[in-house]
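J.: A structural model of the following input is requested.
(one chain, ligands or ions: 1)
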Amino acid sequence: MPGFRVPPPANEPVRTYAPASAERASLESRIAEMSKERIDAPLVIGGREVRSSDTFTFRAPHRHDLELAEVHAAGTEDVTAAIVASKAAHHDWSRWDPNERAAVFLRAADLIAGPWRDTINAATMLGQSKSVHQAEIEAACELVDFLRFNVAFAEQLRDMQPYSPDGMWNRMEYRPLEGFVLAISPFNFTAIACNLPTAPAIMGNTVVWKPSEKQALAAHYTMAALRAAGLPDGVINLVHGDGGLVSDVATADPDFGGLHFTGSADVMRGLWRKIGERIDTYRSFPRIVGESGGKDFVAAHPSAQVDALVVALGRGAFEYQGQKCSAASRAYIPRSLWPQVRDGLGDLAREAKQSMGDVGDLSTFMGAVIDGKAFAKHRDAIEAARTAGVEVLAGGGTDDSEGWFVDPTVLVTDDPHYDTMERELFGPILTVYVYEDDDWEDALDLVDETGPYALTGSVFAEDRHAVHEALDRLRDAAGNFYVNDKPTGSIVGQQPFGGARGSGTNDKAGSLLNIVRWSSARAIKELSVPPTDWRYPHMG
Ligand code: NAD
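T.: Residues are numbered from 1 along each chain as shown. As a prediction, this is how the structure comes out:
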């Protein structure tokens, strides 16, 4: 209805789950219940649950014996059906009053903040091996924030209207894209997985959503919550399974209108290439919005506060087992501070290891890495470092007997271009390079020139001049830059998220800049009194 305004958004408060609290008891009981179930996770196409003959078993990363779901993987015909369903829904959904569309997502936010909270958190904890705090801050709070803030950003965009001089009315209509959007999401954030299909849908697009096979359980419940909130059939079509197959079919369709991707840089480049090769076949130039990898840094100046620096390194590198695109994975520490940082970080890593285990126990700080492939990558990187003579200051152990456990590990190298200073490992492994205090400016240049990414980074300094210097020299080294804070934990509405270079298109998830990408605006000029003489005055 014209004139209605969406409620001004505020960030969802984070629950603490302190011992003996009611919220802890309620979540524990949902975790216990879910651990006993082995659900069937179908595709959802045009509002129908579709079961395929090709299924895979979804297990908890921290417990090989815990089978949580049998997931139905889409075949070519299923993906085609999902595309047909999204096209069929497009006409009506794209013409819904934007406030009516907003109402669906605001209700979904309230459901997830309320009655669905335990389910979404439990699924993320068990399915992606997140500690209770790591699940709560994103699977509940960030997801709710994305929904509430994005409907407000969509309204802000609609409010952006052109100037109309006397005699005419100029209008901007923020239409969705023609065709359908393909959303392909990563394993590591339930919030991002939900945001990739919902941000375009808020703008009136219809979507084929392919979540990560490693996030299928939480994706299943997220889809259920969206449907419970009244999302019409066909607006978001959930297809589990192989990303290569789904994207092959989707990008071969002439109505492929856009890609909303988050994942690794190689996969993103592959998708871009595929779209490029097929560019002559599309009705429109498809929008490509993609966020990819990171090799995120912490650079400390000799004036840095050591205690705060150690906490930032530990939390930044080891929370969620280092499997955040923003995780601290390379650190540059001045020689004068190194003895204290070394002691503090070593102690922290050893203590964190004591609190690693089954995330179903809510006192746990760290769980397991996501799967056997990630485990092998981390184990091999640590072994290679040992062989290369790199010091293993803390951790270095791995154990796959019950789950995919990798110790919080600190490597110390004297080669700033050593492999683990440059390559994204996506695990709980931090590599430190110690520089001479007088070489601060060179150290900043090293930070800037090392590796292909530019996602997040932190500088620690009490000296204001050093902060200024870092901001300037590292201007293009990170899309999210932190001063005296860890490089992780961006909050929707506070630090719009995304990086450039090899880290993506930097369209800032959870901001107006992202929402604008899901619209193809129409400018409408209506003249009140059209001219009736073709000649201009200068013609006499
Ligand atoms: P991934 O690239 O392995 O998978 C991402 C998605 O792409 C999954 O749904 C997967 O099934 C699909 N996929 C895999 N191969 C494909 C192919 N050939 N064609 C089409 N789709 C394919 O990434 P991941 O392991 O799920 O997530 C970790 C990566 O995501 C890291 O590189 C991390 O830095 C990045 N990430 C970035 C951000 C960000 O905002 N920049 C946020 C989260 C994660």
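
J.: what residues does the stretch 151-300 of the chain put near the ligand?
T.: 184-189, 192, 210-213, 243-244, 247, 262-264, 267, 270-271, 291-294 (C-beta under 6 Å from any ligand atom). Bear in mind the C-beta positions are built from the backbone N, C-alpha and C, glycine included.

J.: repeat for the stretch 301-450 of the chain
T.: Contact residues, the stretch 301-450 of the chain versus the ligand (C-beta under 6 Å from any ligand atom): 325, 424, 426.

J.: Any figure for the gap between the second one and residue 515?
T.: If I follow you right, that is residue 424. Going from residue 424 to residue 515 by C-beta to C-beta, to the nearest Å gives 28 Å.

J.: When the two are compared, which one has more neighbours?
T.: Under the criterion of other C-beta atoms under 10 Å, the comparison of residue 424 against residue 515 puts residue 515 first, with 25 against 22.

J.: which ones are touching residue 240?
T.: Contact analysis of residue 240 by C-beta atoms under 8 Å, 6 or more residues apart in numbering lists 41, 43, 71-74, 210-211, 213, 216, 219.

J.: Off-centre distance for stretch 288-299?
T.: 10 Å (C-alpha atoms, centre = their mean, to the nearest Å).

J.: from memory residue 92 sits against residue 234, does it?
T.: No. With contact defined as C-beta atoms under 8 Å, residue 92 does not reach residue 234; the gap is 9.1 Å.

J.: so who does the nearest residue to residue 427 once chain neighbours are set aside touch?
T.: Spatially, and ignoring its direct neighbours in sequence, residue 427 is nearest to residue 378 (3.9 Å; C-beta to C-beta, 6 or more residues apart in numbering). Shown in contact with residue 378 (C-beta under 8 Å, 6+ apart): 369, 398, 406, 425, 427-429.

J.: one step back: looking at residue 92 and residue 234, which is more packed in?
T.: Higher neighbour count among residue 92 and residue 234: residue 234, with 24 against 13, using other C-beta under 10 Å.

J.: Can you list phi and psi of that one for me?
T.: Residue 234 adopts backbone torsions of phi 90, psi -10, taken as degrees, to the nearest 10.

J.: I figured it hits residue 85, correct?
T.: Yes. Between residue 234 and residue 85 there is a contact under C-beta under 8 Å: 4.2 Å.

J.: can you list residues touching both of those two?
T.: Contact criterion C-beta under 8 Å, 6+ apart; residues shared by residue 234 and residue 85: 46-47.

J.: Which helix or strand contains the most centrally placed residue in the chain?
T.: By C-alpha atoms, centre = their mean, the chain has its centre lying nearest to residue 192, at 3.9 Å. For residue 192, the host element (DSSP states H and E) is helix 190-202.

J.: following that helix, which helix or strand comes up?
T.: Next along from helix 190-202, by DSSP H and E: strand 207-210.

J.: packing partners for the helix or strand following that next one?
T.: Once the chain leaves strand 207-210, the next helix or strand it forms, by DSSP H and E, is helix 216-228. Where contact means 3 or more C-beta pairs under 8 Å, 6 or more residues apart in numbering; DSSP states H and E, helix 216-228 is packed against strand 39-41, strand 63-72, helix 98-113, helix 117-128, helix 190-202, strand 236-238.

J.: low-confidence ranges in this protein?
T.: Low-confidence segments of the chain (pLDDT under 70): 1-2.

J.: Try it again at 80.
T.: Applying pLDDT under 80 to the chain flags the ranges 1-3.

J.: quick one, longest helix in it?
T.: What stands out as the longest helix in the chain, according to DSSP state H, is helix 76-95.

J.: does any part of it sit near the ligand?
T.: No. Using C-beta under 6 Å from any ligand atom, helix 76-95 stays clear of the ligand, coming no nearer than 11.7 Å.

J.: now the angle between helix 98-113 and that helix, please.
T.: An angle of 120 degrees separates the directions of helix 76-95 and helix 98-113 when computed by axes from the mean of the first three to the mean of the last three C-alpha atoms, to 10 degrees.

J.: For helix 76-95, which residues meet the burial criterion?
T.: 78-87, 89-90, 93-94 (16 or more other C-beta atoms under 10 Å).

J.: Which of those sits closest to residue 115?
T.: Distance to residue 115, by C-beta to C-beta, is smallest for residue 93 among those, at 25.5 Å.

J.: residues in contact with whatever residue of the stretch 101-250 of the chain ends up closest to the ligand?
T.: Scanning the stretch 101-250 of the chain for proximity to the ligand using C-beta to the nearest ligand atom identifies residue 243 as nearest, at 2.3 Å. Neighbouring residues of residue 243 by C-beta under 8 Å, 6+ apart: 184, 210, 267.

J.: For the last one, which non-adjacent residue is spatially closest?
T.: In this structure, residue 267 finds its nearest non-sequential neighbour in residue 243, 7.0 Å apart by C-beta to C-beta, 6+ apart.

J.: same check, this time on residue 74
T.: Distances taken as C-beta to C-beta, 6+ apart place residue 239 nearest to residue 74, at 3.9 Å, with adjacent residues excluded.

J.: Burial check on that neighbour, number of neighbours?
T.: Using other C-beta under 10 Å, residue 239 has 28 neighbouring residues.
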